[in-house]
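A.B. asks: Compute the structure for the input listed below.
(chains A and B)
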Amino acid sequence: MDQTLLDATGEPALRYTVGGAEPSREPPVLLVHGFGSDFELNWARAGWVGALRNSGRRLVGVDLPGHGGSPRPHDPERYTPKALAALLARVLDAVGAPEADVVGYSMGSRLSWQLAVDFPGRVRRAVLGGFGPVDAFEDTDLEGLERGADGGRFGAVFAAAAALPGADTAALAACARGQASQVYSPSPAPDGVPLLFVAGERDGIAEGVESLAAALPAAEVLRLPRRDHRNAVSAQAFKSAATEFLARGRGLSG
Amino acid sequence: MTHTGPTSERTFALPDLGEGLVEATVLEWLVQPGERVERNQPLVELETAKSAVEIPSPHTGVVARLHAEEGRVVAVGEPLATFAVEAGAGIVGTVPTEEKPTRRVRLRPPAE
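C.D. replies: Take a look at the predicted model:
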């Protein structure tokens, strides 16, 4: 069922949907999509709704601002990792979830990390797909995004997103600038949150994820054979690893 | 598992994936010929120009043939898989009326 989260002034801030299995004592799984995608494209069409339903998990899926059915502000400040993580925490409030397991992909993984850091106790376990410690924007011409000027690591991602029907290029550019304004750092790491990193073996965006995981107290890595950043998300091995990892529940050990 | 009713073959073609997409690449088959599948069971993963998608099986039955190996590009309307479907198998009480494949697959001209 689609729901709308309102901001402090009563304006719509974000669209989200609740589905999967019936409510249970397990916390819900919050699904956070990547840049230029949305819940439907990133998760539903890739088969995650059925996979989570079959494993008995309730799901909460968001369309991040600037994406899908959510509002599309053009102010980069609305898209910083901290601002978006705060919105995700408010979604958990809205669905009555003191804590959740989180599955992110790409930018959604960056935000899931931020949510776990900024809101201790709200994230029980997290699966971070298509994500690595390298700054995706380090070689990006952020001012030239709308003109298609960027040729860096992020350039292809932006160009593909901007080419989709209905894309709001100005909102996507604002999102990229907001994200780039707070460079990812592995420190501080989420405290007491077991992490599973999953990426296609050909995913350049996830470069260095093995060393990132090795430096964390409770992190695992799964690389998916023959998959890249764009097509890893539908892999059965990704879904089964994620649902198995989340089913371990509380605690840092296996 | 015994069934006495006759079976008929049904071929599932690549459906219209929306957004003007005219083709998709087979990423991975999730079933094999000879395997029994339930309707809505994950059938195949495809990659389009937009994203990776998981296509559910449109039929309950046995997979007779797969028409495109992994890595191949398939156009909308081209056959993906053929199923042997038991006619009148009453396992779930009511037998849903099968739509004709031609109604399920809306062809969309590449120019759109």
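A.B. asks: Let me see the ranges of the helices in chain B.
C.D. replies: Chain-ordered helices for chain B, with DSSP state H as the definition, fall at B:101-104.
A.B. asks: Name the residue of it that lies nearest to chain A.
C.D. replies: Closest approach of chain B to chain A (C-beta to the nearest C-beta) occurs at B:Glu54, with a separation of 3.1 Å. Bear in mind the C-beta positions are built from the backbone N, C-alpha and C, glycine included.
A.B. asks: now chain A, which segments are flagged as low pLDDT?
C.D. replies: Under the criterion of pLDDT under 70, the regions of chain A flagged as low confidence span A:149-151, A:251-254.
A.B. asks: near chain B, which residues of it?
C.D. replies: A:37, A:41-42, A:45-47, A:50, A:164-165, A:230-236 (C-beta under 8 Å from any C-beta of the partner chain).
A.B. asks: From those, which land in helices?
C.D. replies: A:Gly50, A:Gln236.
A.B. asks: Of the residues of chain A next to chain B, grab the buried ones for PyMOL.
C.D. replies: PyMOL command restricting those to the buried ones, with burial defined by 16 or more other C-beta atoms under 10 Å in any protein chain shown:
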select buried, chain A and resi 37+41+42+45+46+47+50+164+230+231+232+233+234+235
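A.B. asks: and the two most separated of the residues of chain A next to chain B?
C.D. replies: Every pair in these was compared (C-beta to C-beta); the two farthest apart turn out to be A:Pro165 and A:Gln236, at 28.6 Å.
A.B. asks: Please name the residues that touch residue 37.
C.D. replies: Assuming you mean chain A. For A:Ser37, the set of contacting residues under the criterion of C-beta atoms under 8 Å, 6 or more residues apart in numbering or on different chains consists of A:His67, A:Gly68, A:Tyr105, A:Ala161, B:Ser51.
A.B. asks: nope, chain B please
C.D. replies: For B:Val37, counting by C-beta under 8 Å, 6+ apart, the contacting residues are B:Val31, B:Leu43, B:Ser57, B:His59, B:Thr60, B:Gly61, B:Val62, B:Val63, B:Phe83.
A.B. asks: So what pairs up with the last one in the strands?
C.D. replies: Yep, that's B:Phe83 we're talking about. Partner residues in beta bridges with B:Phe83, using DSSP bridges, are B:Arg10, B:Val63.
A.B. asks: burial of it, as a residue count?
C.D. replies: For B:Phe83, the number of neighbouring residues by other C-beta atoms under 10 Å in any protein chain shown comes to 25.
A.B. asks: Would you agree it is in contact with B:Gly61?
C.D. replies: Yes - in this structure B:Phe83 lies within contact range of B:Gly61 using C-beta atoms under 8 Å: 4.3 Å.
A.B. asks: Residue 22: neighbour count?
C.D. replies: Picking chain A for this. The number of residues packed around A:Glu22, counting by other C-beta under 10 Å, is 7.
A.B. asks: Oops, wrong one, chain B.
C.D. replies: Applying other C-beta under 10 Å, we find 18 residues neighbouring B:Val22.
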